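**Student:** compute the structure for the input listed below.
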Amino acid sequence: MLEALFSSTALVALAEIGDKTQLLAILLATRFRKPVPIILGILVATLANHFLAALVGSAAAELLSGAWFRYLIAASFIAMGLWTLIPDKIDDLEDKPARFGAFLTTAIAFFLVEMGDKTQLATVALGAKFHNVWAVTAGTTIGMMLANVPAVFLGNALLQRVPLRLVHGIAAALFLAAGVWMLGETAGWF
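**Tutor:** Just a heads-up that it's a prediction; the model follows:
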């Protein structure tokens with residue numbers, strides 16, 4: 001359980017830095033200037049989204065057992081590592097006027113923007129790898145909060161001080177290492 005929690009936290013926290021949802025957190029912070037509702041919106045959206053993603057991954061692993069499925073999960077970690085090297089841009093996000101308050105706007109926007117995002121897909125893969133929906137959901141949510149709460153408070157100043165290439169490189173290396181490790185375990189290399 002601790003391995004699932006810590007692995008999920010580390011992978012998602014690093015993958016989230018410079019991701020479009022972190023950029024969305026900065027946009028929302030500058031638009032609303034209300035950090036607490038924004039942080040709570042991020043938390044609620046992430047819990048809902050990542051719980052469903054971990055559940056899908058875990059259920060898929062239960063239904064689709066066998067070496068071929070483990071190879072597929074290993075390949076998905078390697079793909080996540082490569083995808084992490086492609087940074088998102090703030091221009092990718094739409095800047096529509098908010099209809100609702102800071103909390104609801106953040107919760108809805110984060111839930112939708114996270115759909116199909118690399119951290120959501122990583123959560124599916126982590127759910128399939130660890131078969132522990134609760135630990136994976138907790139870990140990925142902690143990782144999202146570790147990356148996004150400072151972004152809400154520090155905004156653009158944070159992005160200017162953090163070497164994103166280095167962070168993306170570390171996140172990519174972690175995803176690649178997880179994929180290669182799972183590939184090696186499945187193939188019997190170690």
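**Student:** which parts of the protein are helices?
**Tutor:** Remark: helices assigned in the chain by DSSP state H are 2-16, 20-32, 35-63, 67-84, 102-114, 118-130, 133-154, 156-161, 164-187.
**Student:** mind putting those helices in TSV, mean neighbour count and mean pLDDT included?
**Tutor:** All C-beta atoms are positioned from the backbone trio N, CA, C, and that covers glycine. Shown next, in TSV, are these (neighbours: other Cβ atoms under 10 Å; pLDDT from 0 to 100):
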stretch	mean neighbour count	mean pLDDT
helix 2-16	21	92
helix 20-32	21	83
helix 35-63	20	94
helix 67-84	18	78
helix 102-114	21	91
helix 118-130	26	91
helix 133-154	23	94
helix 156-161	12	66
helix 164-187	17	78
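**Student:** name the nearest residue to Met1, sequence neighbours excluded.
**Tutor:** Computed as Cβ to Cβ, 6 or more residues apart in numbering, the closest residue to Met1 that is not its neighbour in sequence is Ala135, at 4.8 Å.
**Student:** my guess is that neighbour meets Phe6, correct?
**Tutor:** No: counting by Cβ atoms under 8 Å, Ala135 does not reach Phe6; the two are 9.1 Å apart.
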